[in-house]
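Enquirer: Below is the sequence, then the predicted model.
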Amino acid sequence: EADIYQTPRYLVIGTGKKITLECSQTMGHDKMYWYQQDPGMELHLIHYSYGVNSTEKGDLSSESTVSRIRTEHFPLTLESARPSHTSQYLCASSEFGRSSYNEQFFGPGTRLTVL
Amino acid sequence: RKEVEQDPGPFNVPEGATVAFNCTYSNSASQSFFWYRQDCRKEPKLLMSVYSSGNEDGRFTAQLNRASQYISLLIRDSKLSDSATYLCVVNEGGDKLIFGTGTRLQVFP
């Protein structure tokens, strides 16, 4: 089992609230990722990080922001949640290495509903 | 055109059947390839990587055809526990994975 954790698992909030989705891993992985997945649809990369103080935007435009102050922690923040942000958010991590075959390990996800 | 395309299914097969899934990708410079498994409302988990020479892991066999930009997954002797969505995943470089929408498999008794 992968040692990557996400909290909360489920979140229902009202429009305009600021929220932070937590992601932590205990595997010492340098690389971490945030994906967004709607029901029945593919995962889309919204943010990634190669290590402490490194953050990059992914392929899917997102109004969320991320930070990487510690290796094990990669939180995602929405300053003002809207119904269009309703989705599942999955965090993942992988080792840093030259191989392009490094496995990405996923957390259990956070299901966000914005009313 | 999507970067990674899969038949969404569902594939409904009896226990013991052999089933094959196909996937095509659009970026000829893609570097590595994977099949992930995702159970309903769960996170994806790596099933197997797909190497140029083809590879096998128990009842699962993966094939890659770079010339046709085509990946396949064969499952032999299907079990009820194989019921899940199978995601075709392509690494286009820099560890940025591109996911297909998945093919849903339902194995019935």
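Expert: Noted; the coordinates are in hand.

Enquirer: Show the contacting residues for A:Pro39.
Expert: Contact analysis of A:Pro39 by Cβ atoms under 8 Å, 6 or more residues apart in numbering or on different chains lists A:Gln88. The way it works is simple: take the backbone N, C-alpha and C, and place the C-beta from them, glycine included.

Enquirer: Mind pulling the model confidence for it?
Expert: If you check A:Pro39, the pLDDT there is 88.

Enquirer: so where does it fall, helix or strand?
Expert: Assigned by DSSP states H and E, A:Pro39 falls within no helix or strand.

Enquirer: same deal with A:Leu21?
Expert: Using DSSP H and E, A:Leu21 sits within strand A:19-25.

Enquirer: Report the buried residues of that strand.
Expert: Neighbour counts over strand A:19-25 (16 or more other Cβ atoms under 10 Å in any protein chain shown) mark A:19, A:21, A:23-25 as buried.

Enquirer: Now the most centrally placed residue in chain A: closest residue in space that isn't a chain neighbour?
Expert: When Cα atoms, centre = their mean is applied to chain A, the residue found nearest the centroid is A:Trp34 (2.9 Å). The shortest distance from A:Trp34 to any non-neighbouring residue, by Cβ to Cβ, 6 or more residues apart in numbering or on different chains, is to A:His47 (4.4 Å).

Enquirer: Can you give the strand pairings for the host helix or strand of that neighbour, parallel or anti for each?
Expert: Following DSSP H and E, one finds A:His47 within strand A:44-49. Its sheet considered, strand A:44-49 pairs with strand A:31-37 (antiparallel), strand A:56-57 (antiparallel) by DSSP bridges.
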